[in-house]
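Enquirer: sequence? don't have it. structure:
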């Protein structure tokens, strides 16, 4: 800068310097020698000297500018921070303000900020949308500004009475600050602070008017215009100086420094230029608005909510005058599909476009092939509407999906000459040629499988105890109807694999449902019903048992994949067990050998296997086969994880055993609520079966120290009941079973019966069975028989003989039944007795040891164990414990055979010599 602005003489350069800038000069030399005398560091050396007032006022204006920017973007938190800094800066400038007066721009920001905060406070909707920090800052700043402005009430009142004048004064003041150097050159004494603050503008500039406008982009334009005007005025004044000082060396700095217009003509010229620039700017804005209106086709700006654009009319698929042909429609279809899955693609709009494309194809009679292809893509887009696997379809999208599949099936049934398959390549598709059969690429079975998965997800994610679950469950009728339609279609045109797949879907929607109509027809003989009722029963369709038999046998014969056949077998067994066909279910399970390799199957199949075994055990219990029921339920109930093994919920575990991803996967495997098996019923059946087996066994082996436990869970419940300090009336199902067990142990079958079968237990368990009365009758009979066995085991040592008639009356059993039970006990050597046929009595044999003898036997056994343990310890100390195996091992290691044991071979060799 020094080289650029330096003149030939020192006196001229000193007169051209401003009061605020000191430029370092080389000593001596003229302009031509200047580059030789200056270094690069000296060229860049510049020191600006400013007054304390300018520094303080600049700090205040910078903070005010930041506050105004924060006000534009509604950042109240930033406003609060900057306002606190502004107060501190004003406190630092207090001495200058006391001497010069409060600056107008400071009063202006206080008034504007207070008005701005009041507007925000009154805007209730805006306050609700504010985040927590902004809302808190708004309340704090509003209180602070109201308290702070009390000291400036008179100044703020004057400002509000004449805000335009204040704005003009601020604008001129800023111009004077920027042009201070030229003013100080002209006036030796400089401009005083009072004059700087109180000077009135003679003509308000165009920039000051722009400064008052809000929500506009005037900053850049005003700065550009201000710079242009100042440079222009500077150039005019420098031209006049050069005319007056021709022949003299001119000061180069005067050509580039800003100067305020001094004469009246200069002021008028500057004002005219400002008006011209404002007019040009207005013309540019109006031209830009016109172009935007043309782009928007004359539409007006509308306020939208949440950033979502308002769609006024459907998007246009084709331009006007375009001929709608097969090629054009397929091209448009491919364009829509190419946007599928890309970021920013609106899936709902994509579905609407495809539906509009179907309408266009139908209006232009492009044929059913094109319509079928587009409908396949519509259904696929509906499935892909939710990008996340865990999310499920909303009800409206779900209903739209069902309608689309039904429409597709209507078209396929109406046009049997159309071939649809996933093996058809897109190049070999025939969508419109009438010479050859129409061929469309697509897989109907895949659509049905996805539909079934979506239905399962909907049921999994709906509250099972709400009315909404019932409403969604009603959609299963539509799902089953679609599966039946697809089944009929694939039976005609599908492959064997597709037929097996659709049969499995039909089975999965049938196996868990109890066929009440078939059950009623079995209970009511056809002779007792009228002819119309018989006709109605015939028209109702085939029984579920017949349907399951037909579908499963086809899969058994035709299926090539193990998974489908395994699922079909398990569903078939489940259906048999549900309808109390115990022997068919048991035989099918044993013939399938699924229990040998089910652990290698995938988790959904294992869950189905567990459900089938549970249903099998419940079926055996209904038939009175308590031992089979106990064996079938033992694995599930003994694990303590019945809820998880049946896919009816997750147990609480730590994050170390199962992370979030594993938990999401397991939740997707859960069975919908309408497929659940009552866990309380399951546990009750298991405990009652264990009671009927365990109590007689415990009575028979009471003195046996090595007796085994049949059911650990049942023994655990007994121990819990024994640890109770106070025994009140039973409340829960488990307490009822424990109380009944104690009564059976004493041979009191009536008390046991009252604990097992009562109103509370009927409501919780027994009424849930299809034939509840039969189950209750079977239970009473089983309790009587097992109580009789327990009574004989417990009190056989008390009796010499007992009459069978007495036992029959005591347990309310007929005499042949009592005779049969006692005979079996004698044959199995469980009871040491004999039957006296003439007197119908049971004669006890005193072969059982007494209590004292039992104790002596136990003591002798324990002493024998103690002696054996002592011998082992002694041998271990002497080093001979297990010596035979150790010597044998060492002998093999040293290739010595058995020579170390006294030598059978050594004796043999000596005899040879």
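Expert: Looks like it arrived, so ask away. Please read these numbers as outputs of a predicted model, since none were measured by experiment. Numbers count the residues shown, from 1 in each chain.

Enquirer: where does the chain have low pLDDT?
Expert: Along the chain, the parts satisfying pLDDT under 70 run over 1-48, 164-265, 289-317, 319-321, 525-542, 653-657, 703-706, 846-849, 879-913.

Enquirer: quickly note the distance from residue 464 to residue 567.
Expert: Note on residue 464: its distance to residue 567, by Cβ to Cβ, to the nearest Å, is 24 Å. For every residue, glycine as well, the C-beta is placed using N, CA and C.

Enquirer: between those two, point out the one with more neighbours.
Expert: Each of residue 464 and residue 567 has its neighbours counted (other Cβ atoms under 10 Å); residue 567 has more, 23 against 14.

Enquirer: for the protein, longest helix please?
Expert: As far as residue count goes, and with DSSP state H defining each element, the longest helix of the chain is helix 264-295.

Enquirer: and the helices in the stretch 801-913 of the chain, which stretches?
Expert: Using DSSP state H, counting those that start in this stretch, the helices of the stretch 801-913 of the chain run over residues 804-811, 815-827, 851-878, 883-893, 904-912.

Enquirer: can you list the ones you listed in CSV and add distance to residue 59 and mean neighbour count?
Expert: What follows is the helices of the stretch 801-913 of the chain, written out as CSV (distance: least, Cβ to Cβ, whole Å; neighbours: other Cβ atoms under 10 Å):
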stretch, distance to residue 59, mean neighbour count
helix 804-811, 106, 17
helix 815-827, 108, 16
helix 851-878, 94, 11
helix 883-893, 96, 12
helix 904-912, 113, 9
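
Enquirer: would you mind giving these as TSV with distance to residue 598 added?
Expert: Compiled in TSV, these are given as follows (distance: least, Cβ to Cβ, whole Å):
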stretch	distance to residue 598
helix 804-811	42
helix 815-827	35
helix 851-878	41
helix 883-893	41
helix 904-912	54
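
Enquirer: which one, of the ones you listed, ends up nearest to residue 364?
Expert: Between residue 364 and those, the shortest gap by Cβ to Cβ is with helix 815-827, which sits at 83.6 Å.

Enquirer: next, the angle from the closest one to helix 804-811.
Expert: Here helix 815-827 points in a direction 110 degrees away from that of helix 804-811 (axes from the mean of the first three to the mean of the last three Cα atoms, to 10 degrees).

Enquirer: who are the packing partners of helix 815-827?
Expert: Where contact means 3 or more Cβ pairs under 8 Å, 6 or more residues apart in numbering; DSSP states H and E, helix 815-827 is packed against helix 772-795, helix 804-811, strand 833-836.

Enquirer: and these, which is most packed in?
Expert: Of all the helices and strands packed on helix 815-827, helix 772-795 carries the top mean neighbour count, a mean of 19, counting by mean count of other Cβ atoms under 10 Å.

Enquirer: the inter-axis angle of it versus helix 804-811?
Expert: Interaxial angle, helix 772-795 versus helix 804-811 (the same axes, to 10 degrees): 130 degrees.

Enquirer: report the distance from helix 772-795 to the chain centre.
Expert: Between the mean C-alpha location of helix 772-795 and the chain-wide mean there is a distance of 52 Å, by Cα atoms, centre = their mean, to the nearest Å.

Enquirer: near the nearest residue to residue 405 once chain neighbours are set aside, how many other residues are there?
Expert: Taking Cβ to Cβ, 6 or more residues apart in numbering, and ignoring the residues beside it in sequence, residue 405 has residue 482 as its nearest neighbour in space, at 5.6 Å. Using other Cβ under 10 Å, residue 482 has 20 other residues around it.

Enquirer: same check, this time on residue 589
Expert: A total of 22 residues lie near residue 589 under the criterion other Cβ under 10 Å.

Enquirer: next one: residue 690
Expert: Residue 690: 27 neighbours (other Cβ under 10 Å).

Enquirer: quick one: contacts for it?
Expert: Under the criterion of Cβ atoms under 8 Å, 6 or more residues apart in numbering, the neighbours of residue 690 are 630, 710-711, 713-714.

Enquirer: rerun that using 10 Å as the cut-off
Expert: Counting by Cβ atoms under 10 Å, 6 or more residues apart in numbering, residue 690 makes contact with 626, 629-630, 633-634, 637, 709-715, 717-718, 737, 741.

Enquirer: buried among those residues? Make that a ChimeraX selection.
Expert: Provided next is the ChimeraX selection string for whichever of these are buried by 16 or more other Cβ atoms under 10 Å:
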select :626,629,630,633,634,637,710,711,713,714,717,718,737,741
